[in-house]
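Enquirer: below are the sequence and a predicted model for it; my questions follow.
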There are 2 protein chains.
Amino acid sequence: MKPSVVTTEPNGHFCRDCAVRDFSVCSSLDPAELKEFEHLGRRVLFDGGETVFSEEDTTTSFYNLLDGVMRLYKLLPDGRRQIVGFALPRDFLGMNISGRHNFSADAIGGVTVCQFAKVPFGRFVESRPHLLRRINELAIRELSQARDHMVLLGRRSADEKVATFLLAWRERLVSLKGASDTVPLPMSRQDIADYLGLTIETVSRTFTKLERHGVIEIIHGGVSLLDPAKVEALAAA
Amino acid sequence: MKPSVVTTEPNGHFCRDCAVRDFSVCSSLDPAELKEFEHLGRRVLFDGGETVFSEEDTTTSFYNLLDGVMRLYKLLPDGRRQIVGFALPRDFLGMNISGRHNFSADAIGGVTVCQFAKVPFGRFVESRPHLLRRINELAIRELSQARDHMVLLGRRSADEKVATFLLAWRERLVSLKGASDTVPLPMSRQDIADYLGLTIETVSRTFTKLERHGVIEIIHGGVSLLDPAKVEALAAA
DNA sequence: CGCCAAAATTGATCTAGGTCAATCGGCTTT
DNA sequence: AAAGCCGATTGACCTAGATCAATTTTGGCG
């Protein structure tokens, strides 16, 4: 929870130099607005494994993920965990209506976020309907993804879950790192299991089975899709 | 898909007399705006089993549910179905960014909706940031519910799923019909199964088991919670 | 290097929930 | 009130994936 490094703007970091500038919430802002917006956010770094915010915490900030990967999850009282999503650069986190976060967020590996204090951010949005529209757009897109994931969790087999996950993850990485059959998997097997509603053993066995069948190759820090068409066939089922 | 009855405004129906007036999207509108808004929507009735819109249909309308219950679902190519939610009066349906609906919606029993053509509705919202804020609020609330449901689908047992469903459904009905231990279940067992990621047999067996243990009583068109505390204990697990 | 801890894999076994197959009601229709 | 239907229930059996239990592999780190 204690961030490793904090860089307060303006201190070498400006929106106009920001990698996510044209893709994240801030893409809806014009240069003049951006100048003002700049003062609202500050960059914060987290180490792998650190928790950025926890479910039920009072929401004091929103976060724009600039670099790295995060796991977003909910815990049951007895410790069972459901990962509700992985966040990638450009994702905007923390919106809620209860005033409390409705999931927890951990850094997977090092992470850089642009942190906005809730109140000034809210004030800034208030007078900028186009920014509100952008935020709404992101919420609706997430809602659609959430529904897709419900189908996966409720109605798909382990093989289908894993194949679908690999394809969807690869697809999300396209706009960040370009298309490739080599799919980096920065999250652990346990994370994948908790995302897919499976156990770590089933995930591991499914990976090995796909490898035995020559569909994928398990490489350091990820997998390589040797036969993407076959993976798609498995996911379609 | 062919609606049973269409009543075009103004023809005996006005927003100011509308049952959902103070609770739905339109709660953000002042009397003057409401007068204008009135001309955008028309009431449409659907019989039970009718489909209001289908996944992948081009979105031409948004819908405000005025009366009745709807099931919102997605189908896999092989026919497996996941119900992503049940809609109740006050719910606003149809928002998306792809221009296509991302789920299908059927009436369960007779239903009345207030239908808005997409383009004029969009124009109306454009100049009304408070309406946009209201829509955003609804989207964020739904997103939170969707995440809760992911936890249920991915990490809970059949008993927990059924108990959680009964409590959540009862809770949703409070603001519509008042608090009660008698929970009407207008949807079929198959609908419940497809919502919880179970089979119809498991839902049926779980109901019977709860009844045998004196926790619920299965009554015509629903269940009665004989021991609500026990249901909550099962759901908490 | 060699040692340790954590993550991943693999194997053996078990079980919650699925599948298949009869009934059982409760309505509607005549 | 008999027939027919459709949803719901119940029973017998089966299996995908969980659980339990070792290894094996990997990644720091002195």
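Expert: Yep, that arrived.

Enquirer: how about the nearest residue to the residue nearest to the spatial centre of chain A, chain neighbours excluded?
Expert: Nearest residue to the geometric centre of chain A (C-alpha atoms, centre = their mean): A:Ala87, 0.7 Å. Residue nearest to A:Ala87 in three dimensions, not counting chain neighbours: A:Met70, with 4.1 Å by C-beta to C-beta, 6 or more residues apart in numbering or on different chains. Where you see a C-beta, it was placed from the backbone N, CA and C, and this is true even at glycine.

Enquirer: for that neighbour, list each beta-bridge partner.
Expert: A:Ala87, A:Ala107 (DSSP bridges).

Enquirer: residues contacting it?
Expert: Going by C-beta atoms under 8 Å, 6 or more residues apart in numbering or on different chains, A:Met70 touches A:Val52, A:Phe86, A:Ala87, A:Asp91, A:Leu93, A:Ala105, A:Asp106, A:Ala107, A:Ile108, A:Val111.

Enquirer: turn these into a markdown table, columns for distance to B:Lys74 and pLDDT.
Expert: Shown next, in a markdown table, are the contacts of A:Met70 (distance: C-beta to C-beta, whole Å; pLDDT from 0 to 100):
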| residue | distance to B:Lys74 | pLDDT |
| --- | --- | --- |
| A:Val52 | 31 | 97 |
| A:Phe86 | 21 | 98 |
| A:Ala87 | 24 | 98 |
| A:Asp91 | 23 | 98 |
| A:Leu93 | 25 | 98 |
| A:Ala105 | 27 | 98 |
| A:Asp106 | 29 | 97 |
| A:Ala107 | 32 | 97 |
| A:Ile108 | 29 | 97 |
| A:Val111 | 32 | 96 |
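
Enquirer: which PyMOL command selects the buried ones in these?
Expert: Selecting only the buried entries of these in PyMOL, with 16 or more other C-beta atoms under 10 Å in any protein chain shown as the criterion:
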select buried, chain A and resi 52+86+87+91+93+105+106+107+108+111
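
Enquirer: okay, the contacts of A:Met70 in JSON lines with distance to B:Asp148 next?
Expert: Shown next, in JSON lines, are the contacts of A:Met70 (distance: C-beta to C-beta, whole Å):
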{"residue": "A:Val52", "distance to B:Asp148": "21"}
{"residue": "A:Phe86", "distance to B:Asp148": "18"}
{"residue": "A:Ala87", "distance to B:Asp148": "19"}
{"residue": "A:Asp91", "distance to B:Asp148": "20"}
{"residue": "A:Leu93", "distance to B:Asp148": "17"}
{"residue": "A:Ala105", "distance to B:Asp148": "16"}
{"residue": "A:Asp106", "distance to B:Asp148": "19"}
{"residue": "A:Ala107", "distance to B:Asp148": "24"}
{"residue": "A:Ile108", "distance to B:Asp148": "23"}
{"residue": "A:Val111", "distance to B:Asp148": "25"}
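
Enquirer: of the contacts of A:Met70, closest to DNA strand C?
Expert: Lowest distance from DNA strand C to those (C-beta to the nearest atom of the strand) belongs to A:Ile108, with 10.8 Å.

Enquirer: excluding its backbone neighbours, what's nearest that closest one?
Expert: Take A:Ile108 and drop its neighbours on the chain: the residue closest to it by C-beta to C-beta, 6+ apart is A:Val69, 4.6 Å away.

Enquirer: ok, now how distant is the one you found from DNA strand C?
Expert: To DNA strand C, A:Val69 is 14 Å away according to C-beta to the nearest atom of the strand, to the nearest Å.

Enquirer: do the same with A:Arg133
Expert: 40 Å.

Enquirer: tell me the contacts of that residue?
Expert: Taking C-beta under 8 Å, 6+ apart, one finds A:Ser28, B:Leu132 in contact with A:Arg133.

Enquirer: is DNA strand D contacted by the helix or strand that contains it?
Expert: When elements are assigned from DSSP states H and E, A:Arg133 belongs to helix A:129-155. No: judged by C-beta under 7 Å from any atom of the strand, helix A:129-155 stays clear of DNA strand D, getting no closer than 10.2 Å.

Enquirer: now that helix: mean pLDDT?
Expert: Averaging pLDDT along helix A:129-155 gives 97.

Enquirer: do the following helix or strand past that helix and chain B meet?
Expert: Toward the C-terminal end, the helix or strand that comes next after helix A:129-155 (DSSP H and E) is helix A:158-177. No: Helix A:158-177 stays clear of chain B (C-beta under 8 Å from any C-beta of the partner chain), getting no nearer than 9.0 Å.

Enquirer: neighbours around the closest residue to A:Ser54 other than its chain neighbours, how many?
Expert: For A:Ser54, ignoring the flanking residues on the chain, the nearest one in space by C-beta to C-beta, 6+ apart is A:Ser104 at 4.6 Å. By other C-beta atoms under 10 Å in any protein chain shown, 21 other residues sit near A:Ser104.

Enquirer: correct me if wrong: A:Ser104 contacts A:Glu55.
Expert: Yes: using C-beta atoms under 8 Å, A:Ser104 is in contact with A:Glu55, at 4.6 Å.

Enquirer: where do the contact lists of the two overlap?
Expert: Common contacts of A:Ser104 and A:Glu55 (C-beta under 8 Å, 6+ apart): A:Lys74, A:Leu75.

Enquirer: just checking, the residue nearest to A:Ile108 touches A:Gly85?
Expert: No: in this structure, A:Val69 is not within contact of A:Gly85 by C-beta under 8 Å, at 10.9 Å.

Enquirer: in chain A, which ranges drop under the pLDDT threshold?
Expert: By pLDDT under 70, the low-scoring segments of chain A are A:1-13.

Enquirer: before we move on, the earlier item: which residues touch the residue nearest to the centre of chain A?
Expert: The neighbours of A:Ala87, taking C-beta under 8 Å, 6+ apart as the test, are A:Leu65, A:Val69, A:Met70, A:Arg71, A:Leu72, A:Leu93, A:Ala105.

Enquirer: can I see the domain layout of chain A?
Expert: Following automatic domain parsing, chain A resolves into domains at A:5-152, A:156-236.

Enquirer: quick check: end-to-end length of the shortest one?
Expert: I take that to be domain A:156-236. Domain A:156-236 has an end-to-end distance of 10 Å (C-alpha to C-alpha, to the nearest Å).
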